[in-house]
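Chemist: no sequence on this one, just coordinates:
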């Protein structure tokens with residue numbers, strides 16, 4: 001029985017931990033780099049996103065060295081808070097850009 005439990009446990013860790021942290025790291029890196037170049041987000045949100053993207057990409061090392069498992073929750077939970085912050089800040093920035101474009105076109 002135990003010989004089946006260890007591979008199932010590793011499979012669950014791969015899907016739930018690393019399998020979430022690595023793709024969400026790629027998403028945060030893409031959003032941060034794009035928003036950083038276009039200056040759509042404040043620098044602290046971009047910097048936090050790049051840091052969390054780095055920890056997310058390094059979290060795949062958990063599959064090799066289990067002592068690096070702290071990288072998975074370090075990516076997951078602050079990453080969710082960062083995505084909520086981006087969701088609040090980005091529409092306000094885009095609204096200001098749109099209003100300035102309307103004022104410029106009217107003048």
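Modeler: Arrived safely. Everything numeric in this text was worked out from a predicted model, so none of it was measured.
Chemist: I'd like the average pLDDT over stretch 18-29.
Modeler: Average pLDDT, stretch 18-29: 92.
Chemist: which strands and helices sit next to the top helix by length along the chain?
Modeler: The residue-count maximum for a helix in the chain (DSSP state H) belongs to helix 71-106. Helix 71-106 is packed against helix 19-38, helix 43-58, with contacts defined by 3 or more CB pairs under 8 Å, 6 or more residues apart in numbering; DSSP states H and E. From N, CA and C alone the C-beta is placed, and that goes for glycine too.
Chemist: For these, give me CSV that also has distance to residue 104 and mean neighbour count.
Modeler: Listed next are the helices and strands packed on helix 71-106 as CSV, based on distance: least, CB to CB, whole Å; neighbours: other CB atoms under 10 Å:
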stretch, distance to residue 104, mean neighbour count
helix 19-38, 18, 17
helix 43-58, 25, 18
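Chemist: Need the ones you listed in JSON lines (columns: distance to residue 89).
Modeler: Shown next, in JSON lines, are the helices and strands packed on helix 71-106 (distance: least, CB to CB, whole Å):
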{"stretch": "helix 19-38", "distance to residue 89": "9"}
{"stretch": "helix 43-58", "distance to residue 89": "7"}
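Chemist: Go through the longest helix of the chain and flag the buried ones.
Modeler: For helix 71-106, the neighbour count (16 or more other CB atoms under 10 Å) marks 71-72, 74-76, 78-79, 82, 85-86 as buried.
Chemist: Return the member of those residues nearest to residue 38.
Modeler: Closest to residue 38 out of these is residue 86 (13.3 Å), distances taken as CB to CB.
Chemist: gap between the closest one and residue 39?
Modeler: To residue 39, residue 86 is 14 Å away according to CB to CB, to the nearest Å.
Chemist: next one: residue 18
Modeler: Distance from residue 18 to residue 39, by CB to CB: 33 Å.
Chemist: which one of those two has more residues nearby?
Modeler: Ranked by neighbour count (other CB atoms under 10 Å), residue 18 and residue 39 place residue 18 first, with 20 against 10.
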